[in-house]
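K.L.:
no sequence for this one, just the structure:
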């Protein structure tokens, strides 16, 4: 009872709130009553609205970190200045890019500004010259890193690495058309067999393990044994 | 009509009240699994339970020690998942321990975040760890950095920081997507000991290939309980093992009945009532 | 490169530790050359792709096929799959709904996909598609972005498409003004159960697991298929084996297979030259694996001799 | 082709080449791309999420009476920003715990039904139609059971458990290997789509231009002319100061 009396906002309320929402969420999924089902639907939308309110944290955090870099002229302050400039410029442009940009070429590329400042064309440049190509290119770096990772780590040092190498190479050869050109169509069916039998069994074993681990972790967090995520136990 | 008229808002499809049809089997299984974990949480208070070593966790101390000797930073990425993903929670729990050890050894720690909500949470954890170790002044805004919300903007920023700061130990623990291989490969390029942990099964193959130690799937959840060396939490891992025993019993019984009575899927129907 | 001072490092040992940047350079050459001089190697059909194709072929005319565009601006794997399936569904006389949980894929990519398929159909003279696409909202509709992935999909099953989730389509037309219907039942009365097949072109999260948890698990709608990115193909076989999905279209190769199945080469927008580049890069990686292992064996033998 | 499209094609080519320069080594051109990308992404992304957020509030604006609790959600939403205040920093744990609790609660059913039960029942396979199918079913059963045992924690992996977990490890290794082999196509496809974009008309001119600039900079660095020309650029390009020689 003493613990309950000393309940203060810092420690116990977060853990209790997580517990209540957890039990309610689980209950509504197993025992159907009209009110609980409706309240759950609303609770999820409530969580969505509340969660999306936090979008400003990215702007503030980046402004703080890079602002201090510029202020103290740390190494590479020029790049932080460039980042801040483009960020605020992109924000203002984005807010005003209401109308879809390309009407005549048919591809109605729709932009969604809150206001109509007519900045669609700059918005088009920002998206199609900077963010899209950059994200696709950084993504495509993986093709090179996959080659160097395969070269570096698929070295036969025992049975384990031999299995990794053989299954990887067979699936790899079965996937590319050149594989069936060299080894005949058999490699394609071998790839499908590897994927649908041994691979499937191994993946199934892991998924069952993950489900059990996830439930155990959920119980530990909901019942307050694991306090770090809800920061309930921290000072 | 009851609560919803007061609360208003969305209205879900009408259905017959009572236990949801088709989910009773799941409820029973969930209660069994949950009770295993709770029983062992209580049991661990009195009895010490044996849990096998997780090599990746023993490597954490070794990695931080190496970073301290070489005077290079430790970098930590608690995954790119949201604040409500269980893997991110494991990443935050393990970060708490890593931050405490870094604070005690005066090693520079860099935490890179992608999720808007994980940033304040991880900053809170690291700040409290530094405060607990009496090194509150060592915690600056450089310690826990928010890079970018977009997946590959984060990857671009993180790769640049790895190359510039050259960490001696790099930990990638949490929910990852395609960028996991880039982070691991560049981490290796700058010569860091790398410890990874994720249950995103699409990325585990790359983390296993490119890093030195990797917690696979359920090992991540066990590690979150094991790393604090808190006997109660470590005990609950034994509860997870009983969950596996349940899965094995169901599978064995199901397979035998499938062999014996080919058509009759009584156990499957039982689980799906 | 690790140079062993006293012993001259044999050429074999050098094979074990080639500098990354040579690998990057050769990879780049392997990928670029076939794009300029294509060889056009043939492709085999995998059963998972054929399962999706046959499922649509066997659906009665006028059934509703939904394409969930759950990918971003990376148009190399899911987008070719979506294009070829969209073209085939229209050619097979199905009614197609475009929507998605990823904002870029559902709103922007779906818009220019429609235009590209219309141009493709006119160029190659596939009359079924050109007539199906004559009036917008008749045989296909683009509903755009599902705001909250989890809640939205749940509402599609529990509450329905209209009015909460899709008051308007992707272009702002009010849903009730569109002629889209399934054997007389107007789209405004649609629930998830009215869809005959949903193909989720998933690049990651949110993806097929949302439809599995809120549609398949609740029994509201169980005809799901997936257009998968290469990395997650291996993980979807257990779903197919457990009957959660009826088929998988694996990566870019799946899109080209689907082109051949539907007899519409180029519908996916991918050329066979791209597949040659894939073949060369795959071959180069196998060569790398061999070189790496030869180097390691040589080093261990030299260590045993020393 | 309008001016904006032409400019964005050129810009795209420059951004792509700057990003690929990272493969050679981390250099200021890459950092420029990084700053433009992160800055543009956050700024534009925030404008876009504000629009999305405005759309989620549309039902609320339509009939505030029935969705009155939106106001509480927005009010609690401001608690996220108390993270910076010294006194009230704990307030942001309220929306945090609400989100975590709800997501765990609603996720429990999914983990049990769609993963645990679905995968366990999927292994209930006996004799198949063809001998191959029967063999496959046996292999899947053995593989799934031993793979689960691989994750056993409360006993040392020795004896029978050791043997079973080793078999399980082999199955998991096949899963890891085949997932790796499967992914190469997807990633290579990305490079193909970028390179074919780069080889198009206005963009390809940037390739020789950027390579030439790279060589000139490297040359200048080698002969140390850059330091006299302007210290800030030298610092940006991390040119070593007079005395210090960079490793």
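P.N.:
That came through fine. Quick caveat: nothing in here was measured; it's all calculated off a predicted structure.
K.L.:
which residues does the nearest residue to residue C:15 once chain neighbours are set aside contact?
P.N.:
Using Cβ to Cβ, 6 or more residues apart in numbering or on different chains and skipping the chain neighbours, the partner closest in space to residue C:15 is residue C:295 (3.3 Å). Placement of C-beta: from N, CA and C, glycine included. By Cβ atoms under 8 Å, 6 or more residues apart in numbering or on different chains, the contact set of residue C:295 is C:12-17.
K.L.:
quick one: which of these is most hemmed in?
P.N.:
residue C:16 (22 neighbours; other Cβ atoms under 10 Å in any protein chain shown).
K.L.:
what about the chain, any weak spots by pLDDT?
P.N.:
All of this refers to chain A. Within chain A, the stretches with pLDDT under 70 are A:1-9, A:98-112, A:229-235.
K.L.:
looking at chain C here, not the other one
P.N.:
In chain C (pLDDT under 70), the answer is C:1-9, C:148.
K.L.:
pull the longest helix from it.
P.N.:
helix C:272-305 (DSSP state H).
K.L.:
and if you look at chain D?
P.N.:
helix D:159-198.
K.L.:
tell me if that helix is near chain A.
P.N.:
Yes. Interface with chain A: helix D:159-198 contributes D:168-185, D:187-188, D:190-191, D:193-194, D:197 (Cβ under 8 Å from any Cβ of the partner chain).
K.L.:
next, the angle from that helix to helix C:272-305.
P.N.:
Here helix D:159-198 runs at an angle of 130 degrees relative to helix C:272-305 (axes from the mean of the first three to the mean of the last three Cα atoms, to 10 degrees).
K.L.:
what are the buried residues along helix D:159-198?
P.N.:
D:164-165, D:167-198 (16 or more other Cβ atoms under 10 Å in any protein chain shown).
K.L.:
buried residues in the longest helix of chain C?
P.N.:
In helix C:272-305, counting by 16+ other Cβ under 10 Å, buried: C:272-286, C:288-289, C:291-293, C:295-296, C:298-299.
K.L.:
what separates residue B:138 from chain A, distance-wise?
P.N.:
16 Å (Cβ to the nearest Cβ, to the nearest Å).
K.L.:
for that residue, which non-adjacent residue is spatially closest?
P.N.:
residue B:130 (5.6 Å).
K.L.:
neighbours of residue 87, just the number please.
P.N.:
No chain was given, so I picked chain A. Around residue A:87 there are 26 residues (other Cβ under 10 Å).
K.L.:
chain B, not that one
P.N.:
Neighbour number of residue B:87 under other Cβ under 10 Å is 27.
K.L.:
residue B:106 now?
P.N.:
10.
K.L.:
quick one: pLDDT of it?
P.N.:
As predicted, residue B:106 sits at a pLDDT of 91.
K.L.:
show me the contacts for it.
P.N.:
So residue B:106 contacts B:68, B:135, B:138 (Cβ under 8 Å, 6+ apart).
K.L.:
so which helix or strand takes in residue 203?
P.N.:
All of this is about chain A. helix A:198-222 (DSSP states H and E).
K.L.:
hmm, no, I was thinking of chain D.
P.N.:
Assigned by DSSP H and E, residue D:203 falls within helix D:201-204.
K.L.:
residues making contact with that helix?
P.N.:
D:6, D:9-10, D:12-13, D:197-198.
K.L.:
before we move on, what about stretch D:6-21?
P.N.:
Under Cβ under 8 Å, 6+ apart, the answer for stretch D:6-21 is A:124-125, A:128-130, A:132-134, A:137-138, A:141, B:156, D:27, D:29-30, D:32-33, D:36-37, D:194, D:197-198, D:200, D:202-207, D:210, D:214.
K.L.:
just the buried residues of those.
P.N.:
Counted by 16+ other Cβ under 10 Å, the contacts of stretch D:6-21 give A:124-125, A:128-130, A:132-134, A:137-138, A:141, B:156, D:27, D:29-30, D:32-33, D:36-37, D:194, D:197-198, D:203, D:206, D:210 as buried.
K.L.:
domain ranges for chain D?
P.N.:
D:1-56+D:224-247, D:60-123, D:124-200 (automatic domain parsing).
K.L.:
need those domains in TSV (columns: mean pLDDT).
P.N.:
Shown next, in TSV, are the domains of chain D (pLDDT from 0 to 100):
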stretch	mean pLDDT
domain D:1-56+D:224-247	79
domain D:60-123	85
domain D:124-200	89
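K.L.:
work out the gap between stretch D:149-167 and the centre of the chain.
P.N.:
Centroid separation for stretch D:149-167 versus its chain: 34 Å, with Cα atoms, centre = their mean, to the nearest Å.
K.L.:
any idea how far apart the tips of that stretch sit?
P.N.:
9 Å (Cα to Cα, to the nearest Å).
K.L.:
rewinding a little: mind checking which of the buried ones among the contacts of stretch D:6-21 are in helices?
P.N.:
Short answer: these in helices (DSSP H) are A:124-125, A:132-134, A:137-138, A:141, B:156, D:29-30, D:32-33, D:36-37, D:194, D:197-198, D:203, D:206, D:210.
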